[in-house]
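Trainee: Could you work out the structure for the sequence below:
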Amino acid sequence: MCFTLILIMAQIDLTEARLPATTSHVQLASRWAGQPNSWWARSLGYVGMALCVLIIGLPVYWMIIGAFKPGPEIYRIPPTWIPEEPTMRNFLRAWNSAPFGRYYINTILITLFGSGFEIFFAVTSAYAFVFLRFPKKEWLFLVLLATLMVPGQVTILPNYLTIAQLGWVNTYQGIIVPGASVAYGTFLLRQYYRTLPIDILDAAKVDGASHLRTLWSVVLPLAQPAIISFGLLSVVAKWNDFLWPLIVTNTRDMRVLSIGIYWLRVEEGTIDWGVIMAGTLFVVLPVVIVFLYAQRYIVDGIAAGAVKG
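Mentor: So this is what the prediction gives:
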């Protein structure tokens, strides 16, 4: 998140630099009340972001260099911040110690279908709460918000009993279906839909567009930043999910990457942190690639909203 914040600020600064002088004066005049435009306040903000990046990035950097270190070098004191004898053996040992190929297939399938269902239900249900008329709509939305207050651990036992009665234990549908929809996605997109220009929606209605046509051709393009943001959160959550797949699966062939890292630690007997860190990189890299691809849409959407008059 710190990296995203830095990118957002840089994007907004570049956008402000391209605006005419009159627009810049209007923006300067409309700054928050009591917020001085002084160098020390701006410097303090960047120092805070740098500390945030350092706190978050240091463990990640240690994981990366640890994956390339032989075992004795990881335990060396004082520690080495650059591998003195870099090696790729940790990656080979990690890949061969557990069936990571199978883990990748399971995790990709669960993430694609699980996130796809979450996004679909969030997009359609949020549209219904904003643009459709039906009895007790506000009450239903309050009930939906109330589910956000329920910890996920409370629903584990009822979900497992339901999955067991359906005969879905140790199956893909048993992992995917209980988490196919979350109240947060509906809440997030509903709030964003309420900010859309109503004139465009009225024009689509005058032209005879149905609700499905309006959703597909008008609402989805306008709400792209919010949908991609929620999609990114959903993908990360599904990719890193550990507890539910561990409970509902009982064979090695149905495990996912997050469980594979745990079993990698168990199967090694004596913990070899170089192998575990190499295996962790197998889990982290795909998520980083997805974020690097999606963050430009998020930054563009936030920057566009930041410079509207």
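Trainee: and Thr111, how many neighbours?
Mentor: 24 (other CB atoms under 10 Å). Every C-beta, even on glycine, is put in place using the N, C-alpha and C of the backbone.
Trainee: Wait, it touches Val236, no?
Mentor: No. Contact status for Thr111 versus Val236: not in contact, 9.1 Å apart, counting by CB atoms under 8 Å.
Trainee: Could you list the low-confidence segments of the stretch 1-150 of the chain?
Mentor: 1-37 (pLDDT under 70).
Trainee: Would you map the helices across it?
Mentor: For the stretch 1-150 of the chain, the helices defined by DSSP state H, counting those that start in this stretch cover 2-18, 21-29, 39-67, 71-74, 89-97, 100-131, 137-147.
Trainee: Let me have those helices in a markdown table, adding distance to Ile276 as columns.
Mentor: Formatted as a markdown table, the helices of the stretch 1-150 of the chain follow (distance: least, CB to CB, whole Å):
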| stretch | distance to Ile276 |
| --- | --- |
| helix 2-18 | 25 |
| helix 21-29 | 50 |
| helix 39-67 | 9 |
| helix 71-74 | 10 |
| helix 89-97 | 7 |
| helix 100-131 | 13 |
| helix 137-147 | 36 |
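Trainee: most tightly surrounded among these?
Mentor: Most buried of these, by mean neighbour count (mean count of other CB atoms under 10 Å): helix 100-131, with a mean of 19.
Trainee: helices or strands up against it?
Mentor: Judged by 3 or more CB pairs under 8 Å, 6 or more residues apart in numbering; DSSP states H and E, the packing partners of helix 100-131 are helix 137-147, helix 172-176, helix 183-193, helix 211-214, helix 224-240, helix 257-267, helix 273-306.
Trainee: Nearest approach to Tyr75 belongs to which of those?
Mentor: Among the helices and strands packed on helix 100-131, helix 273-306 comes nearest to Tyr75, with 8.3 Å by CB to CB.
Trainee: helices and strands around that closest one, which ones?
Mentor: helix 2-18, helix 39-67, helix 71-74, helix 89-97, helix 100-131, helix 224-240, helix 257-267.
Trainee: Next, the angle from it to helix 89-97.
Mentor: Put simply, helix 273-306 runs at 100 degrees to helix 89-97, going by axes from the mean of the first three to the mean of the last three CA atoms, to 10 degrees.
Trainee: and of the helices of the stretch 1-150 of the chain, who's closest to Tyr172?
Mentor: helix 100-131 (6.2 Å).
Trainee: right, so of the helices of the stretch 1-150 of the chain, which gets closest to Pro83?
Mentor: helix 39-67 (5.6 Å).
Trainee: Tell me which other helices or strands that closest one touches.
Mentor: Going by 3+ CB pairs under 8 Å, 6+ apart, helix 39-67 lies up against helix 2-18, helix 273-306.
Trainee: Now do the same contact list for Ile156.
Mentor: 243-244, 247 (CB atoms under 8 Å, 6 or more residues apart in numbering).
Trainee: Buried residues, the helix or strand harbouring it. List them.
Mentor: Here Ile156 sits within helix 156-166, counting by DSSP states H and E. If you call a residue buried by 16 or more other CB atoms under 10 Å, then helix 156-166 has these buried ones: 159-160, 163.
Trainee: quick revisit: with distance to Ala204 as extra columns, can I get the helices and strands packed on helix 273-306 in TSV?
Mentor: Shown next, in TSV, are the helices and strands packed on helix 273-306 (distance: least, CB to CB, whole Å):
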stretch	distance to Ala204
helix 2-18	29
helix 39-67	41
helix 71-74	60
helix 89-97	52
helix 100-131	11
helix 224-240	17
helix 257-267	43
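Trainee: between these, which gets nearest to Arg213?
Mentor: Across the helices and strands packed on helix 273-306, closest to Arg213 is helix 100-131 (CB to CB), at 12.0 Å.
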